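Colleague: Below are the sequence and a predicted model; questions follow.
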Amino acid sequence: MKKIVVRTCKWIGLPGATIIISCVALTWLIGCATNKQSGEVAAGTTVKSGAQLWAENCVRCHNIRSPGSLSPAQWDVAMMHMRVRANLTPEEHKKILEFLKSGS
Amino acid sequence: MIRAIPIIANQTAAAAFVALVCSFSPAAAMGQDTALSPPSSDYVSRAEYDKLKSEHEAMKQELDALKAAIQKMTAGGALAPAPGKTISEGKQVVAPAPTEAATEELRQEVQTLKMQVKETFPGTTKFLLGGYGTAGFTARSGEDPFFDAAFNAIFLFKMTDRLFFEGELEFEFEDNETTTNLEIAQISYLLNDYMTIGVGRFLNPTNFFVERQHMNWVNKLPDKPLAVYDGLLPESEMGGQLRGVIPIGPTKLEYAAFVANAPGLITESDDFSEIGTLDFDNDANTGGHVAVGGHLGFIPIPQIEIGYGIQRSKVGPRDQAVTAILQSADFNYVQDSTLFKGLINFRAQWVWSHVGDFVYDPNGEQGFGPLEFNNNRNGGYAQLSYRPTHIDNDYIKNFESVFRYDRFNQLHTPVGFDEQRWTIGLNYWVTPSAVLKLAYEFDDKNGGARDQDAFLMQAAVGF
């Protein structure tokens, strides 16, 4: 087991970095090519409401917090923080933010 | 007959007067033959004529005054005749529109209110102060029991829709003094919808627990799992990262890649168990190495998230550097189940640390060398929790039971023992971000080390 781990570690060093860099480059190209604006729904994405996305995404890490716990302006900041930390897509970010603002 | 003067007028009284005159015209013609005939009721007397004339003049003056008044009001905008309506129709015209002066007054009031609202903001930057606070008690066998407290302040600034700053300070009371740690100081910029660049000090993206679960109001138990936290992986990195998400149909692929200061290699220490381990607080970047790493996460359905992270760097003195590879695999399952009437939460993470062969204490100055070894350690945890959120009872639905198994394998290192723990816990959620935790930990160490069971209590609030 130990040998397998050591060999795996040695093997994955450069290829692992290559995979990560490739994914980043691919994402960059996708982002530039589509030039999507925040809020557009990506092709093939199931259309979900802001409330659904709020329940699905937030509870993955912590208890969902009431929309009334922050003001609309505060949700604006908190959701940008969550967009970066929890890797929310633009449409998830937009819909959840709209839902939270409407209920705050 | 001469007195019977036809008067042509364009007003009501004048028209009546004309009609009156015309109606008497045949009699007037006949009257020319009898010039001295006495006046009869069919003729308009001088007095009647003068009276009618004076009434006509008075009406004319009233009409002129009315016209002047209407013109004045129209010019002021207070009253405006409706299209197609004339004054002669004798109808009162009331305009519903406000005057220009009133509109201007309203505009000024709105402007004043806007200024008053803006004055309540500290600036155009949007700011949010959040964080969490903790109070706890620990009674571990073989140690003195103690209370502890900590406060983490999180500062969030949104400068623009793309530029963001996040800072976190931790204030902790340890060894009779308050310590302050800079946990996060990161400037983030959204390059596009799917890519964000961040520079500064940020939470380690390869470590799922650290990035998403370590906050005390989020973590289900009073303490943190072995190996994963304060163990084999750094909690934060100093450098830069690129991160984002790629939606693939209904699934999502998360990614993060970073470069940062490399950890240091501990080659000298009074505590022999530390020899060969990594120093993650290597902010001065002793050795001048760079760590490269990243994390990939896949979310096939909203309830499941699977991830893998790796960090690779050289560590140790520049001329004797060895390779250090840190890896982490994580699995998360969160389901709000109607079948089990509650929220099921299962998390697992395993980490590996490899440090290449290095000769420690080559001159024997520390009393144990020369000693050459590689340092391979691993460990992780699995945790299951359940909260009956669908039960009608308001108190029972706030309770949450937790079970965790965590393990740290380092028998064949200077540490010299493996450790495993079984922890059971019961939480009560006062609010979604305020929790009281009770837990008991069964500890088991091999290699001759003493087991240390523990009773833990903690109150945590997030805000």
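Modeller: Cool, got the structure. Numbers count the residues shown, from 1 in each chain, chains lettered A, B, ... in the order given.
Colleague: going forward, measure contacts and count neighbours with C-alpha atoms only.
Modeller: Noted.
Colleague: Assumed residue B:65 was part of a helix.
Modeller: Yes: checked against DSSP: H, G, I helix; E, B strand; the rest coil, residue B:65 lies within a helix.
Colleague: mind checking the SS state of residue 52?
Modeller: By default, I'm working from chain A. helix.
Colleague: try again with chain B
Modeller: Three-state call for residue B:52 (three-state DSSP): helix.
Colleague: cool, and residue B:447?
Modeller: With three-state DSSP as the basis, residue B:447 sits in coil.
Colleague: Could you list the low-pLDDT ranges of chain B?
Modeller: Chain B contains residues with pLDDT under 70 at B:1-44, B:74-98, B:116, B:118-124.
Colleague: how is it carved up into domains?
Modeller: For chain B, automatic domain parsing gives the domain ranges B:12-100, B:127-462.
Colleague: likewise chain A?
Modeller: Dividing chain A into domains by automatic domain parsing, as the record does, gives the ranges A:1-36, A:45-104.
Colleague: what's the least confident stretch among these?
Modeller: Sorting the domains of chain A by mean pLDDT places domain A:1-36 lowest, at a mean of 55.
Colleague: give me the number of residues near residue 62?
Modeller: All of this is about chain A. Residues near residue A:62, counting by other CA atoms under 10 Å in any protein chain shown, number 17.
Colleague: looking at chain B here, not the other one
Modeller: The local packing of residue B:62 (other CA under 10 Å) involves 12 other residues.
Colleague: In terms of helices and strands, where is it?
Modeller: helix B:46-76 (DSSP states H and E).
Colleague: returning to what we had before: right, so the domains of chain B: which one is the most enclosed?
Modeller: When you average the neighbours per residue for each of the domains of chain B (mean count of other CA atoms under 10 Å in any protein chain shown), domain B:127-462 leads with a mean of 19.
Colleague: quick one: terminal-to-terminal distance for that one?
Modeller: Using CA to CA, to the nearest Å, the end-to-end distance of domain B:127-462 comes out at 17 Å.
Colleague: starting at the chain centroid, how far to it?
Modeller: Here the centre of domain B:127-462 is set off from its chain's centre by 24 Å, with CA atoms, centre = their mean, to the nearest Å.
Colleague: Tell me where chain B has helices.
Modeller: B:12-23, B:25-31, B:46-76, B:100-119, B:208 (DSSP state H).
Colleague: Mind checking if the shortest one is in reach of chain A?
Modeller: No: no part of helix B:208 sits near chain A under the criterion CA under 8 Å from any CA of the partner chain; the closest distance found is 10.2 Å.
Colleague: Across the sheet, point out what pairs with the closest residue to residue B:306 other than its chain neighbours.
Modeller: The spatially closest residue to residue B:306, leaving aside those adjacent along the chain, is residue B:331, at 4.6 Å (CA to CA, 6 or more residues apart in numbering or on different chains). In this entry, residue B:331 is beta-bridged to residue B:306, residue B:348, by DSSP bridges.
Colleague: what about residue B:331, distance to chain A?
Modeller: 12 Å (CA to the nearest CA, to the nearest Å).
Colleague: So that residue is in contact with residue B:303, correct?
Modeller: No: counting by CA atoms under 8 Å, residue B:331 does not reach residue B:303; the two are 10.7 Å apart.
Colleague: Spit out the contact partners of residue B:203.
Modeller: B:183, B:184, B:210, B:211, B:235, B:236, B:237 (CA atoms under 8 Å, 6 or more residues apart in numbering or on different chains).
Colleague: how about the nearest residue to it, chain neighbours excluded?
Modeller: residue B:236 (4.1 Å).
Colleague: ok so, going back, and the domains of chain B as TSV, adding distance to residue A:49?
Modeller: Conversion of the domains of chain B to TSV gives the following (distance: least, CA to CA, whole Å):
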stretch	distance to residue A:49
domain B:12-100	42
domain B:127-462	14
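Colleague: among these, which is nearest residue A:48?
Modeller: Go through the domains of chain B one by one with CA to CA and the one that ends up closest to residue A:48 is domain B:127-462, at 10.5 Å.
Colleague: The residue nearest to residue B:203 reaches residue B:183, doesn't it?
Modeller: Yes: taking CA under 8 Å as the definition, residue B:236 is a contact partner of residue B:183 at 7.1 Å.
Colleague: Find the residues that touch each one of those two.
Modeller: Shared contacts of residue B:236 and residue B:183, defined by CA under 8 Å, 6+ apart, are found at B:201, B:202, B:203.
Colleague: report the angle between the axes of the helix holding residue B:62 and helix B:100-119?
Modeller: Following axes from the mean of the first three to the mean of the last three CA atoms, to 10 degrees, one obtains 20 degrees for the angle between helix B:46-76 and helix B:100-119.
Colleague: so residue A:96 touches residue A:53, yeah?
Modeller: Yes: the pair residue A:96 and residue A:53 qualifies as a contact (CA under 8 Å) at a distance of 6.3 Å.
Colleague: Which one of the two is surrounded by more residues?
Modeller: Counting neighbours by other CA under 10 Å for residue A:96 and for residue A:53 shows that residue A:96 has the greater number, 25 against 20.
Colleague: Centroid-nearest residue for chain B?
Modeller: If you average the C-alpha coordinates of chain B and look for the closest C-alpha using CA atoms, centre = their mean, you land on residue B:128, 8.0 Å from that point.
Colleague: Could you check how far that residue is from residue B:187?
Modeller: In this structure, residue B:128 lies at 15 Å from residue B:187, with CA to CA as the measure.
Colleague: Then residue B:372?
Modeller: Taking CA to CA, one finds residue B:372 at 42 Å from residue B:187.
Colleague: again with residue B:306
Modeller: Distance check for residue B:306 against residue B:187: by CA to CA, it reads 27 Å.
Colleague: Quick one: residues contacting residue B:172.
Modeller: By CA under 8 Å, 6+ apart, the residues touching residue B:172 are B:149, B:150, B:151, B:178, B:179, B:180.
Colleague: and with 6 Å instead?
Modeller: By CA atoms under 6 Å, 6 or more residues apart in numbering or on different chains, residue B:172 lies in contact with B:150, B:178, B:179.
Colleague: For it, name its beta-bridge partners.
Modeller: Here residue B:172 sits in beta bridges with residue B:150, residue B:179, going by DSSP bridges.
Colleague: list the contacts for residue B:228?
Modeller: Contact partners of residue B:228, counting by CA under 6 Å, 6+ apart, are residue B:380.
Colleague: repeat that with 10 Å
Modeller: Contacts for residue B:228 (CA atoms under 10 Å, 6 or more residues apart in numbering or on different chains) come out as B:207-210, B:234-235, B:328, B:349-352, B:378-381, B:406-408.
Colleague: Sort out for me which of those are in strands.
Modeller: Secondary structure from DSSP state E places B:328, B:349, B:350, B:351, B:352, B:378, B:379, B:380, B:381, B:406, B:407, B:408 of the contacts of residue B:228 in strands.
Colleague: Near chain A, list only the ones from those.
Modeller: Contacts with chain A within the ones in strands among the contacts of residue B:228, counted by CA under 10 Å from any CA of the partner chain: residue B:352.
Colleague: Save the ones in strands among the contacts of residue B:228 as a markdown table, and put in distance to residue B:282 too.
Modeller: What follows is the ones in strands among the contacts of residue B:228, written out as a markdown table (distance: CA to CA, whole Å):
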| residue | distance to residue B:282 |
| --- | --- |
| B:328 | 21 |
| B:349 | 25 |
| B:350 | 24 |
| B:351 | 20 |
| B:352 | 20 |
| B:378 | 21 |
| B:379 | 23 |
| B:380 | 24 |
| B:381 | 26 |
| B:406 | 27 |
| B:407 | 26 |
| B:408 | 23 |
